[in-house]
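Asker: model this:
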Amino acid sequence: LKIFQWPKSWPDRQPLVSLAAFTLLDNHDHNIHLEIKDTGLSKFMQKTGVSRARYYNERYNEKGGLFQGPYKVCVIDSDRYFHWVVPYVMCKNTFEMHPRGLKWASENFEEAWKWGIQYPFSSLGEYGGTRNSPIVDTIELKKILGTPMEFKELCKDMILGSKKTEMEQVITKMGNSFTF
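Answerer: Predicted coordinates for the structure are as follows:
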């Protein structure tokens with residue numbers, strides 16, 4: 001059985017959401033989900049939160065909740081917002097995890113990009129063209145984002161571009177941690 005492979009003995013999958021993009025950070029994560037069923041996102045987040053807390057509590061012999069508060073959601077409601085949120089979730093957050101930090105990664109974009117598309121805790125590699133994870137559904141986003149080179153240019157523009165004030169508005173709208 002390979003990692004992320006659904007065992008044949010389990011019942012058929014009935015997904016609530018699809019995972020389109022993600023980055024796991026030190027103390028939170030950013031995700032872009034496409035809702036498959038009505039109220040699927042809230043059910044999915046509730047199940048995820050409970051299972052994470054249960055795992056942590058059992059592993060470390062703790063009790064109680066794991067998160068400071070409820071998850072946060074932003075609906076991607078415009079093309080403009082989409083074209084900044086997707087690179088923010090995958091590229092900017094992955095660059096934050098670079099051993100030399102976001103500032104260095106931004107100043108050395110090409111080298112940081114090579115590192116980022118190999119970073120295993122982000123879907124940047126799926127859109128950068130180097131991986132094909134069975135848990136990330138890239139079909140819908142790739143229709144909009146285009147080729148790996150086009151997506152890289154979008155990320156580069158978001159990180160380095162002259163539209164920094166737009167990026168800052170998106171970050172302000174998003175706050176510290178959001179699930180999309």
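Asker: where along this structure do the helices fall?
Answerer: In the chain, the helices defined using DSSP state H lie at 40-60, 79-87, 93-96, 101-107, 109-116, 124-128, 139-145, 148-160, 164-174.
Asker: contacts only, for N108.
Answerer: N108 makes contact with R100 under the criterion C-beta atoms under 8 Å, 6 or more residues apart in numbering. (C-beta placed from N, C-alpha, C; glycine too.)
Asker: so for it, what's the pLDDT?
Answerer: On the pLDDT scale, N108 is placed at 97.
Asker: ok, now how distant is it from Q14?
Answerer: 44 Å (C-beta to C-beta, to the nearest Å).
Asker: can you check F121 too?
Answerer: 27 Å.
Asker: ok, the residue nearest to D137 when sequence neighbours are not counted - contacts?
Answerer: Nearest non-adjacent residue to D137, counting by C-beta to C-beta, 6 or more residues apart in numbering: S18, 4.0 Å away. Counting by C-beta under 8 Å, 6+ apart, S18 makes contact with H33, L34, I36, D137.
Asker: show me which of those residues are buried.
Answerer: The neighbour count (16 or more other C-beta atoms under 10 Å) marks H33, L34, D137 as buried among the contacts of S18.
Asker: which residues does the closest residue to L24 other than its chain neighbours contact?
Answerer: Distances taken as C-beta to C-beta, 6+ apart put F121 closest to L24, at 4.1 Å, once the chain neighbours are dropped. Residues in contact with F121 (C-beta under 8 Å, 6+ apart) are T23, L24, M97.
Asker: can you pick the most crowded of those?
Answerer: T23 (25 neighbours; other C-beta atoms under 10 Å).
Asker: show me what it bridges to in the sheet.
Answerer: Beta-bridge pairing for T23 (DSSP bridges): H30, S122.
Asker: residue contacts, it?
Answerer: D29, H30, V89, M90, N93, T94, M97, F121, S122, S123, L124.
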